[in-house]
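[1] Here is a sequence with its predicted model. Questions after.
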Amino acid sequence: MPSSQQTPTFKFLLDENVRRGLYKYLLQKGVDVKLTNKGASDQTLLKISRQEKRILVTNDEGFSEATEDVVYAVIWLRIPQNDEQALLKSFDKLIANLKNPELKIFVLYEGRWEEFPLYEKIKK
């Protein structure tokens, strides 16, 4: 079976600023995904990500500078929020190709992504 057809075993934590369509989509695929509460602090998100080994999915640029001692992994969305189909398609492609995401940040663009160790500075 092709990897794109398999359900990933990764767990995700969606920041409140991520389209809810992504949450529904991941649930339908049987992915372990958790929503953050409205107004949850950045520290709370980081703690949940690290303790539960969840990949934090966010639109918040501030998390792009998180270090390996505070977060499990980050997917920083750089896709316009009004283009849900591009988000779902790009996210699906990324998770089908994810291997060993711990201590990494993935900067997701439409149809492609870049991967960095968490401690590296990202060119914005």
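    Okay, I see it.

[2] C-alpha from now on. contacts and neighbour counts both.
    Fine.

[3] just the strands in this protein please.
    11-14, 32-35, 54-58, 73-77, 104-109, 112-117 (DSSP state E).

[4] Rebuild these as TSV, extending it with mean pLDDT, distance to residue 20 and mean neighbour count.
    Formatted as TSV, the strands of the chain follow (pLDDT from 0 to 100; distance: least, Cα to Cα, whole Å; neighbours: other Cα atoms under 10 Å):
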stretch	mean pLDDT	distance to residue 20	mean neighbour count
strand 11-14	97	9	22
strand 32-35	96	9	16
strand 54-58	96	12	25
strand 73-77	95	14	26
strand 104-109	95	17	22
strand 112-117	94	21	15
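
[5] Show me where this structure has its helices.
    20-28, 42-52, 84-97 (DSSP state H).

[6] Which strands or helices does the first one pack on?
    If you count contacts as 3 or more Cα pairs under 8 Å, 6 or more residues apart in numbering; DSSP states H and E, helix 20-28 packs onto strand 32-35, helix 84-97.

[7] Apply 7 Å and report the result again.
    strand 32-35 (3 or more Cα pairs under 7 Å, 6 or more residues apart in numbering; DSSP states H and E).

[8] Could you please name the strands the strand it packs on pairs with and the direction of each pair?
    strand 11-14 (parallel) (DSSP bridges).

[9] just to revisit the earlier point, how about CSV for the strands of the chain, with distance to residue 93 added?
    Supplementary listing: those in CSV, determined by distance: least, Cα to Cα, whole Å:
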stretch, distance to residue 93
strand 11-14, 15
strand 32-35, 17
strand 54-58, 15
strand 73-77, 13
strand 104-109, 10
strand 112-117, 8
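
[10] Residue 97: which of these is closest?
    strand 112-117 (10.6 Å; Cα to Cα).

[11] how much distance is there from that closest one to the middle of the chain?
    12 Å (Cα atoms, centre = their mean, to the nearest Å).

[12] What separation do you get for residue 97 and residue 113?
    11 Å (Cα to Cα, to the nearest Å).
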